[in-house]
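J.: Give me a 3D structure for the following:
(one chain, ligands or ions: 1)
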Amino acid sequence: MDELIIAGRKFNSRLLVGTGKFASNELMALAMEQSGCEIVTVALRRVDIDNPGDAMLKHIDPKKYLLLPNTSGARDAEEAVRLARLARAAGCEPWIKLEVTPDPYYLLPDPIETLKAAEILVKEGFTVLPYINADPVLAKRLQEVGTATVMPLGAPIGTNKGVRTADSIAIIIEQAIVPVVVDAGLGAPSHAALAMEMGADAVLVNTALAVTPNPGKMAAAFKKGVEAGREAFLAGLGEQRQKAEASSPLTGFLRE
Ligand SMILES: CC(=O)[C@@H](O)[C@H](O)COP(=O)(O)O
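T.: Numbering: from 1, shown residues only. Model prediction:
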């Protein structure tokens, strides 16, 4: 597959994987392996980031995966910035998946606090990958302050509903000057394929891999979905039409 480039860094995989909710760290590691991913996100609140012996971190080989800490659980910009700084102080690369989700029920990202935190973190030299609602105006504003990607949600985190925000994501993709990573709510490989067919640069998946009885198999299926979607996008999909058009044109077969 063609390379994904984020902030000048090249990746062969366009599938990013989250590490929450797995029944065991072994199943998480299996899913990472089978997904072919190169970027793995970890919630800073769930790991002892200072401790290389942390039970989960031990399963994430830094030579193989870029560890992308995320600020999940932060309720405002201040908390998110503090978590990002802690990760950097602990020796993580200055890449951060910015999540500000004050509402515990829908976990929808706060656009104002996200923009505020992004501005601060970009100025401090972080490579910022913000999780956002599928809002084209916010996506533009974030790119203007210098985020490395935008990560619009397909559906709320953990819902497995698929790309419910397709029309807005299409606008974000059309206008983007940085990679667009569809993040959250993708429950099936076909959802990932759809996002990629639309022209998303990558997708991030966690729950769908973690809640199945077979995380390894599901991760392999998502890998194929992402690759198929990307190939189809690059090939160029046929135009959608209102009226039927025969697949086998009848001209020449008609009786005089
Ligand atoms: C792991 C992570 O970063 C999540 O916040 C992310 O948005 C994934 O969402 P799903 O769990 O719905 O795949």
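
J.: Low-confidence regions, the chain specifically.
T.: For the chain, the stretches with pLDDT under 70 are 251-256.

J.: Which residue would you name as the spatial centre of it?
T.: Leu204 (2.8 Å; CA atoms, centre = their mean).

J.: Which residues of the stretch 151-256 of the chain lie near the ligand?
T.: Contact residues, the stretch 151-256 of the chain versus the ligand (CB under 6 Å from any ligand atom): 157-158, 183-186, 204-208. Any C-beta I mention is one placed from the backbone N, CA and C, and that applies to glycine too.

J.: excluding its backbone neighbours, what's nearest the closest residue to the ligand within the chain?
T.: In the chain, no residue comes nearer to the ligand than Gly18, which is 2.6 Å away by CB to the nearest ligand atom. Nearest non-adjacent residue to Gly18, counting by CB to CB, 6 or more residues apart in numbering: Asn206, 2.7 Å away.

J.: residues touching that neighbour, list them.
T.: 17-21, 41, 157-158 (CB atoms under 8 Å, 6 or more residues apart in numbering).

J.: again, but for Leu67
T.: Applying CB under 8 Å, 6+ apart, the residues near Leu67 are 40, 42, 57, 60, 92-93.

J.: Same check on Ala176?
T.: 139, 143, 150.

J.: Apply 7 Å and report the result again.
T.: 139, 150 (CB atoms under 7 Å, 6 or more residues apart in numbering).

J.: cool, and Leu98?
T.: Taking CB under 7 Å, 6+ apart as the test, what Leu98 contacts is 71, 80, 114, 117-118, 121, 128-131.

J.: and if you look at Ala170?
T.: Here Ala170 is in contact with Met198 (criterion: CB under 7 Å, 6+ apart).

J.: what does Val203 give?
T.: By CB under 7 Å, 6+ apart, the neighbours of Val203 are 15, 181-182, 186, 192, 195-196, 226.

J.: May I ask which of those has the most neighbours?
T.: Ala192 (33 neighbours; other CB atoms under 10 Å).

J.: Keeping just the C-alphas, turn stretch 33-52 into CSV.
T.: As requested, the backbone C-alpha atoms of stretch 33-52 are provided in CSV (Å, rounded to 0.1, in the frame of the first residue of the first chain):
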residue,chain,number,x,y,z
GLU,A,33,0.4,-7.9,15.4
GLN,A,34,-2.5,-9.1,13.1
SER,A,35,-3.6,-5.6,12.2
GLY,A,36,-0.2,-4.7,10.8
CYS,A,37,-0.5,-1.4,12.6
GLU,A,38,2.5,0.8,13.3
ILE,A,39,0.8,3.4,15.5
VAL,A,40,-0.7,2.3,18.8
THR,A,41,-2.5,4.7,21.1
VAL,A,42,-2.5,4.3,24.9
ALA,A,43,-4.6,6.2,27.4
LEU,A,44,-2.2,8.1,29.7
ARG,A,45,-4.7,7.6,32.5
ARG,A,46,-4.5,3.8,32.2
VAL,A,47,-0.7,3.2,32.2
ASP,A,48,2.2,4.0,34.4
ILE,A,49,4.0,5.9,31.6
ASP,A,50,7.1,6.4,33.7
ASN,A,51,7.5,2.7,34.3
PRO,A,52,8.9,0.5,31.4
